[in-house]
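> Structure of the sequence below:
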Amino acid sequence: MLEAYLNILVIFLMILVGYILSWKQWFDNHIADVFSKIVLNLALPLNMFLNMTQKFSKEEFLSLFKGLVLPATSIIVTFGISWLYAKITRVPDTRKGTFQTMFTAANTIFMGLPVTVAVFGEKAIPYALLYYMCNTTFFFTLGLMLMASDHPERKFQHQSVNLLVLLKKLFSPALMGFIIGLLWLLLELPLFKPMIDFSRHLGNLTTPLSLFVIGIIVYQTGVRHLKIDKDVFGVLLGRYVISPLVVYGLSFIFPVPSLMLKVFIIQSAMPVQNSIPILARGYQVDEKFATSGLIFSVLSYLFVIIIYLFLLIGLP
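As a prediction, the model looks like this:
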């Protein structure tokens, strides 16, 4: 357990490096945008492609693909709980959609993938990608529409949804890297060494640049200007208590192998999606609430993960 926690501590130290270099004015919002574009459009898709084609065989993938049922169902149930929680605690209409999205959707790539590898090793990557597929589908469909509905002058029921834009966001480069890698695997196409080396070198940029971006966001926002109110507390409750409990509870209905279950629990108990504040700004909704949810979920995760490491070690 100590080794796993030290690996996670390295992740937070890299976030700290991003924060310090922002303080020294090496990094700014423009650099964060550049790093995000490199990760989302180049490094991460190649990382996904390489993981799909290198980590397991066609037969192994077909056998574990059934595991999609558990994370997909857990996200639907968690979203239902978020709707009920928002209604009971009277979350304002101007932040209700953002609240439900943060409550339900985990940061499965920028934080989830590095932490999963640090705790379980690269053998857990295929399971992390299964959760990623379900999480991304929710976030870029219902999640974005819910956030857009928070605008005080926008009526959600009259809003026109651009299907092409929605599909473009859903089939992001990262997801396309996963899909192409999947097809490559299923068709059993050959991989050449230069192709593997090229993908590996660029794919290795995913983790450091992703963590630098989080460090930049924390610095640019300023922790002192943020506070935990009842709605931010509700987001933390959803991320770190309700979402993983739903996964664990559903595992009795949809049983999966032990390692897969542990990965799903870790992935479901990740901080808020790091793109939430950027999207909140774009939709002209409650950006301060979105940023508070992100930053407090990231800062508290260093302590939350200790609890989950103890709990997961006790699972068979």
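> Pro173 against Leu40, yeah?
Yes: if you go by CB atoms under 8 Å, Pro173 and Leu40 touch, sitting 6.2 Å apart. Backbone N, C-alpha and C define where each C-beta goes, glycine included.
> Those two: which is more packed in?
In terms of neighbours (other CB atoms under 10 Å), Leu40 is the more surrounded of Pro173 and Leu40; the figures are 20 against 17.
> Would you mind measuring from the more buried one to Met176?
11 Å (CB to CB, to the nearest Å).
> Then Thr141?
16 Å.
> before we move on, what about Leu191?
18 Å.
> Equivalent analysis for Val263, please.
With distances taken as CB to CB, Val263 is found 23 Å from Met176.
> give me the number of residues near Leu113?
Once other CB under 10 Å is used to define contacts, Leu113 is seen to have 25 neighbours.
> Hmm, it is touching Thr207, no?
Yes: checked against CB under 8 Å, the pair Leu113 and Thr207 is within contact range at 7.4 Å.
> Next, give phi and psi for Ala105.
The phi and psi torsions at Ala105 (degrees, to the nearest 10) take the values phi -90, psi 130.
> Isn't it up against Phe139?
Yes: Ala105 is within contact range of Phe139, at 4.3 Å (criterion: CB under 8 Å).
> Find residues that contact each of the two.
A shared contact of Ala105 and Phe139, defined by CB atoms under 8 Å, 6 or more residues apart in numbering, is any residue touching both; here these are Gln273.
> just checking, next helix/strand downstream of the helix or strand harbouring Glu59?
Under the criterion of DSSP states H and E, Glu59 resides in helix 58-64. Note on helix 58-64: by DSSP H and E, the next helix or strand toward the C-terminus is helix 69-88.
> any weak-confidence spans in the stretch 101-250 of the chain?
Counting by pLDDT under 70, the stretch 101-250 of the chain contains low-confidence residues at 153-172, 225.
> same for the helix holding Glu59, what does it pack against?
helix 125-138, helix 173-186 (3 or more CB pairs under 8 Å, 6 or more residues apart in numbering; DSSP states H and E).
> rerun that using 7 Å as the cut-off
helix 173-186 (3 or more CB pairs under 7 Å, 6 or more residues apart in numbering; DSSP states H and E).
> Remind me what the helix it packs on packs against, helices and strands.
Judged by 3+ CB pairs under 7 Å, 6+ apart, the packing partners of helix 173-186 are helix 44-54, helix 58-64.
> For the shortest one, what is the distance to the chain centroid?
Right, helix 58-64. A distance of 24 Å separates the C-alpha centroid of helix 58-64 from that of its chain, computed with CA atoms, centre = their mean, to the nearest Å.
> Next, the buried residues of that helix.
Of the residues in helix 58-64, those scored as buried under the neighbour-count criterion (16 or more other CB atoms under 10 Å) are Phe61, Leu64.
> for it, what is the average pLDDT?
With pLDDT averaged residue by residue, helix 58-64 scores 74.
> The longest one too?
For helix 44-54, the mean per-residue pLDDT is 82.
> Now it - C-alpha only, PDB.
Written as PDB, here are the backbone C-alpha positions of helix 44-54 (Å, rounded to 0.1, in the frame of the first residue of the first chain):
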ATOM      1  CA  LEU A  44      -3.900  10.600 -25.400                       C
ATOM      2  CA  PRO A  45      -5.300   9.100 -28.700                       C
ATOM      3  CA  LEU A  46      -1.900   7.500 -29.400                       C
ATOM      4  CA  ASN A  47      -1.800   6.300 -25.800                       C
ATOM      5  CA  MET A  48      -5.200   4.800 -26.200                       C
ATOM      6  CA  PHE A  49      -4.300   3.200 -29.500                       C
ATOM      7  CA  LEU A  50      -1.100   1.600 -28.100                       C
ATOM      8  CA  ASN A  51      -2.900   0.400 -24.900                       C
ATOM      9  CA  MET A  52      -5.600  -1.300 -26.900                       C
ATOM     10  CA  THR A  53      -3.200  -3.000 -29.300                       C
ATOM     11  CA  GLN A  54      -0.400  -3.900 -26.900                       C
END
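> That one vs helix 125-138, what angle?
An angle of 140 degrees separates the directions of helix 44-54 and helix 125-138 when computed by axes from the mean of the first three to the mean of the last three CA atoms, to 10 degrees.
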